[in-house]
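Need coordinates for the following:
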Amino acid sequence: MPTSPSDTIMLELVDETGRTIGTEEKLAAHQPPGRLHRAFSVFLFDQRGRLLLQQRALGKYHSPGVWSNTCCGHPYPGESPFGAAARRVYEELGVSPVLMGEAGTVSYNHPDPASGLVEREFNHLFAGLVEAEPEPDPQEVAQTVYVTAEELEKRHAQDPFSAWFMTVLDAARPTIRELTGPAGGW
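Numbering: from 1, shown residues only. Alright, predicted model coming up:
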C-alpha cells in the first residue's frame, strides 16, 4: 500500500455539501491551505465496549506515530465511503468488522504542525464491532490497543493524537452510544 509522498493516490474533491467536484493527488490536496476532499473514519469496538485505537506507523509521511481512531483514510474516486472503510480496515488491521454502520459526516480543517500538511476533509463516519484479534500491517500501524472511555481520556491527556481525532469522535458519539449502550461512557 502506498505510504510515501512519491506514491500517487488520487482523492475525490467535494464541495461543502459533499458533492464530488473533481480529483486531486493526495499530497497536493493536503498542502496548505488544503482542498476539501472525501475521507472516512472508523470506530470499532469489542464485545466489552472498548474502542480499538491504532498508533500510526512511524514511517508514514503524514502524522506518524500519533494515536488515532481504529482506521481512517480516503475512498478512491468513485469508491463508496463504506466500501473504502471496510477495505482499509482489512488492509491496515487484518480484520473485518462483524457489524459496521454509518455514523454521520463531519467537515473540518485541521493543520498538522508537525508535517505542515492540512486535513481539510468531508469525513464519513462509521462505527461497528470487531471480534477477531487485529493483525496490523507494520507499514500502516505501529500498535493497537483497546480502551474504555475512561482510559481514552487518560491516554488522550498524555499521548499525541491525530489532529482530527476529537472532531471525528465527537461527531460519531451519538451512534457510538447507540452501539455500546449508556454504560459504556462514550
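
residue ranges for the strands of this protein, please.
For the chain, applying DSSP state E gives strands covering 10-14, 20-25, 37-45, 51-56, 67-68, 71-73, 99-112, 117-129, 141-147.

Looking at these, which is nearest to Pro81?
For the strands of the chain, proximity to Pro81 was assessed by Cβ to Cβ; strand 117-129 is nearest, at 3.7 Å. For glycine as for every other residue, the C-beta is placed from the backbone atoms N, C-alpha and C.

picking up where we left off before, which among the strands of the chain is found nearest to Thr180?
strand 37-45 (5.8 Å).

right, so the strands of the chain: which one is the most enclosed?
strand 37-45 (a mean of 26; mean count of other Cβ atoms under 10 Å).

Restrict stretch 166-176 to CA atoms and write it as CSV.
C-alpha atoms of stretch 166-176 as CSV (Å, rounded to 0.1, in the frame of the first residue of the first chain):
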residue,chain,number,x,y,z
MET,A,166,-11.5,14.5,18.8
THR,A,167,-13.5,16.1,16.0
VAL,A,168,-14.5,12.8,14.4
LEU,A,169,-15.0,11.1,17.8
ASP,A,170,-17.3,13.8,19.0
ALA,A,171,-19.3,13.7,15.7
ALA,A,172,-19.7,9.9,15.9
ARG,A,173,-20.6,9.8,19.6
PRO,A,174,-24.4,9.6,19.2
THR,A,175,-24.1,6.4,17.0
ILE,A,176,-21.3,5.1,19.3
